[in-house]
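Novice: No letters, just coordinates:
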């Protein structure tokens, strides 16, 4: 029995990137037991994956952290992997006994002072992509990567979520969250906020008219003037669902969905339009067509994280008018 323990105390999207590694290990090593140390932001989500045997929430309280470290000090692992690059994870990995120790980091300082304490340190600037890091690690362990390992989300499980979308036929999904709103997101990024509420509705109508498909708009949990406008313009359908008729097609607004509900919409959509984030990684894991909106200032960073995406197009933040024209051209 080979016990693997990985630190992924960050977000859902980060976990989904690493889930390729976990699935590949599970398929290649039938003696593997995989434990993930998670954060509050991804703990519940990770528990849905059948190739993860145990998920442990990293404690925030100082005393609980001490007990946490002591508990694992007494154990022995086949492999310890620090995937989140955080100090607390590094401290843990250095005191735990294991045959292999791996660290993923973008900090050159860590690479220089710790390289003799790990089997291998993956320094971000030395790697062409996160996907290549995973394949290199698998190769080091003698494991085989298979193309199917990219499909890390169980479609049958998502299909069985208790969320009725039977009224939806073939549709495009646009996730309109806080990343579209200038004051709610990273201030150094170019704004793609609509000029006004009417401009947003016209964009949604263009998507329908150009694709000949219905459209679903999903939202985040932050309300804004644009979502309020759509609610007023659309007809109330049921609970958090609103509908707008356009010729013989429909635009649906699904407001404040849970992440599992959003996942089910992504599974069933024809195309996903989103600012890059966890929904992008869900779409990649489900092999959906993705139109992914990013800021040019972090182009290299995003390219590293999306190298494994299939059927994927990037659109750069460049004002709402330019973004909508590019999105329409890719549909």
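Specialist: Structure's in. What do you need? In this text, all values refer to a predicted model and were calculated from it rather than measured experimentally.
Novice: Next one: residue 87 from residue 149, what distance?
Specialist: From residue 87 across to residue 149, the span is 30 Å (Cβ to Cβ, to the nearest Å). (Glycine included, C-beta is placed from N, CA and C.)
Novice: Between the two, tell me which one has more neighbours.
Specialist: More crowded of residue 87 and residue 149, by other Cβ atoms under 10 Å: residue 149, with 24 against 10.
Novice: for the more buried one, helix, strand, or coil?
Specialist: When classified by DSSP: H, G, I helix; E, B strand; the rest coil, residue 149 comes out as helix.
Novice: Please name the residues that touch it.
Specialist: Residue 149 sits next to 20, 23-24, 27 when contact means Cβ atoms under 8 Å, 6 or more residues apart in numbering.
Novice: Pull the distance from stretch 302-314 to the chain's centre.
Specialist: Mean C-alpha position of stretch 302-314 versus that of the full chain (Cα atoms, centre = their mean, to the nearest Å) differs by 12 Å.
Novice: Then stretch 248-261?
Specialist: Relative to the centre of its chain, stretch 248-261 is centred 19 Å away, using Cα atoms, centre = their mean.
Novice: ditto for stretch 18-38
Specialist: That offset, for stretch 18-38, works out to 18 Å (Cα atoms, centre = their mean).
Novice: Span of that stretch from start to end?
Specialist: With Cα to Cα, to the nearest Å as the measure, stretch 18-38 spans 12 Å from end to end.
Novice: Can you give me the buried ones in that stretch?
Specialist: Of the residues in stretch 18-38, 18-29, 32-38 count as buried by neighbour count, 16 or more other Cβ atoms under 10 Å.
Novice: for stretch 60-70, same thing?
Specialist: Using 16+ other Cβ under 10 Å as the test for burial, stretch 60-70 gives residue 68.
Novice: tell me the mean pLDDT over it?
Specialist: Averaging pLDDT along stretch 60-70 gives 81.
Novice: ok, residues contacting the helix or strand of the chain with the lowest mean pLDDT?
Specialist: Every helix and strand of the chain was ranked by mean pLDDT, DSSP states H and E. The lowest is helix 62-73, at a mean of 80. Applying Cβ under 8 Å, 6+ apart, the set of residues contacting helix 62-73 from outside is 5, 58-59, 88, 91-92, 95-96.
Novice: any idea how far the closest residue to residue 174 other than its chain neighbours lies from residue 289?
Specialist: Using Cβ to Cβ, 6 or more residues apart in numbering and skipping the chain neighbours, the partner closest in space to residue 174 is residue 273 (4.2 Å). According to Cβ to Cβ, residue 273 stands 10 Å off from residue 289.
Novice: Output the longest helix belonging to the protein.
Specialist: Across the chain, the longest stretch assigned as helix under DSSP state H is helix 12-28.
Novice: Can you give me the domain boundaries for this structure?
Specialist: Using automatic domain parsing, the domain ranges for the chain come out as 2-152, 157-330.
Novice: Averaged pLDDT, the longest one. What do you get?
Specialist: I take that to be domain 157-330. Regarding domain 157-330, the rounded mean pLDDT is 96.
Novice: Can you add distance to residue 193 and give the contacts of helix 62-73 back as a markdown table?
Specialist: A markdown table is the format used below for the contacts of helix 62-73 (distance: Cβ to Cβ, whole Å):
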| residue | distance to residue 193 |
| --- | --- |
| 5 | 43 |
| 58 | 35 |
| 59 | 39 |
| 88 | 36 |
| 91 | 41 |
| 92 | 41 |
| 95 | 47 |
| 96 | 46 |
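Novice: Throw these into JSON lines and include neighbour count and distance to residue 82, thanks.
Specialist: Listed next are the contacts of helix 62-73 as JSON lines, based on neighbours: other Cβ atoms under 10 Å; distance: Cβ to Cβ, whole Å:
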{"residue": "5", "neighbour count": "23", "distance to residue 82": "10"}
{"residue": "58", "neighbour count": "20", "distance to residue 82": "12"}
{"residue": "59", "neighbour count": "14", "distance to residue 82": "17"}
{"residue": "88", "neighbour count": "17", "distance to residue 82": "10"}
{"residue": "91", "neighbour count": "13", "distance to residue 82": "10"}
{"residue": "92", "neighbour count": "21", "distance to residue 82": "8"}
{"residue": "95", "neighbour count": "11", "distance to residue 82": "12"}
{"residue": "96", "neighbour count": "17", "distance to residue 82": "11"}
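Novice: Give me the subset of these lying in strands.
Specialist: Those of those mapping onto strands are residue 5, per DSSP state E.
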